[in-house]
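A.B. asks: Quick check, what structure comes out for this input:
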Amino acid sequence: MNQFRSSIYEGIVVHRRLSPVVNGFSYRVFTLCLDVDEIERLDKYLRVFSRNRRNVVSVYDRDLGAPGVGSIGDKVRLMLREIGLDRFASRIDLVCYPRLFGYVFNPLSVYFCKDSTDQIGAVIYEVSNTMGERKSYVIPVLTSGDAISQSCQKELYVSPFTASAGQYGFHALPPGERVVIGVNFRENGLPILKTHFRGRRRPITDMAIADLVLRYPLMTMKVMTAIHLEALKLWLKGVPIKERRVSPAYSYVLVDPAGGAPRHA
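C.D. replies: Numbers count the residues shown, from 1 in each chain. Here you go, the predicted model:
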């Protein structure tokens, strides 16, 4: 019997641009779903997984959350405490790509933050761009049920073909036997992008990791390659390039799901 709460999800990423031209792609990937309090124990018991050191698969604290020292869990809990949501820091499950042979790019990492009864009370959507900037959108969960739907204003420049302003819509089926994480982007009310990941759970073991790495040996490089290849296609199709807005290396915003003013830090 597997001894970890953490797991792996194998599935497919689908990305569709709806305007001003139609374009799309899909590819198979795997993600980790890490209980942030288990990462050190995973490093100790798994041969092909490491924390903060090179391995076949690894997770580095500096790749996620705020820059600086501290574990992923410590950094996220500090942020939740600063904005008054520390009651949802009893357990934090992080869905992200790992480093594969030392390389990773995570366009979106998602933290499911739970209270002492294991109920999700907040979700953090951590968006990264290829310029080394990250933004965390922290959104409390107000409704019960299996699926989570949330929205917020976009505040980070991500693609040269989408404006810095606009609205994200997030849709998630939290990690269980399946996981679904979807994002859509609207600009001036017009649908621009839709993307989602759907995956099925696998226990996190050395054998499972080895199997997935053998089948997807260049997965993390494929993520970055796909971003640039699709950008080239859009440029060749004449999609105009938007002016870049420079952002801090890391920042976060607490989104009021009831529509109140967001709190920035």
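A.B. asks: From the centroid of this structure, which residue is nearest?
C.D. replies: The chain has Ser109 as the residue nearest its centroid, 1.6 Å off, counting by C-alpha atoms, centre = their mean.
A.B. asks: Format the CA atom coordinates belonging to the lowest-mean-pLDDT helix or strand in the chain as PDB.
C.D. replies: Sorting the helices and strands of the chain by mean pLDDT, DSSP states H and E puts helix 219-236 at the bottom, at a mean of 76. Only the C-alpha atoms of helix 219-236 are listed here, as PDB (Å, rounded to 0.1, in the frame of the first residue of the first chain):
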ATOM      1  CA  MET A 219       8.100  16.700 -21.200                       C
ATOM      2  CA  THR A 220       9.200  19.900 -19.400                       C
ATOM      3  CA  MET A 221      11.100  21.000 -22.500                       C
ATOM      4  CA  LYS A 222       8.100  20.300 -24.600                       C
ATOM      5  CA  VAL A 223       6.000  22.700 -22.500                       C
ATOM      6  CA  MET A 224       8.400  25.600 -23.300                       C
ATOM      7  CA  THR A 225       8.900  24.500 -26.900                       C
ATOM      8  CA  ALA A 226       5.100  24.400 -27.500                       C
ATOM      9  CA  ILE A 227       4.700  27.900 -26.100                       C
ATOM     10  CA  HIS A 228       7.300  29.400 -28.500                       C
ATOM     11  CA  LEU A 229       6.200  27.300 -31.500                       C
ATOM     12  CA  GLU A 230       2.600  28.400 -31.100                       C
ATOM     13  CA  ALA A 231       3.800  32.000 -30.700                       C
ATOM     14  CA  LEU A 232       5.600  31.700 -34.000                       C
ATOM     15  CA  LYS A 233       2.400  30.300 -35.600                       C
ATOM     16  CA  LEU A 234       0.400  33.300 -34.300                       C
ATOM     17  CA  TRP A 235       3.000  35.800 -35.500                       C
ATOM     18  CA  LEU A 236       3.000  34.200 -39.000                       C
END
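A.B. asks: who's in contact with it?
C.D. replies: By C-beta atoms under 8 Å, 6 or more residues apart in numbering, the list of residues contacting helix 219-236 from outside reads 15, 17, 21, 23, 25, 27, 29-30, 97-100, 103-105, 107, 130, 159-161, 216, 241. Backbone N, C-alpha and C define where each C-beta goes, glycine included.
A.B. asks: filter those to the buried ones?
C.D. replies: 15, 17, 29-30, 97-100, 104-105, 107, 159, 161, 216 (16 or more other C-beta atoms under 10 Å).
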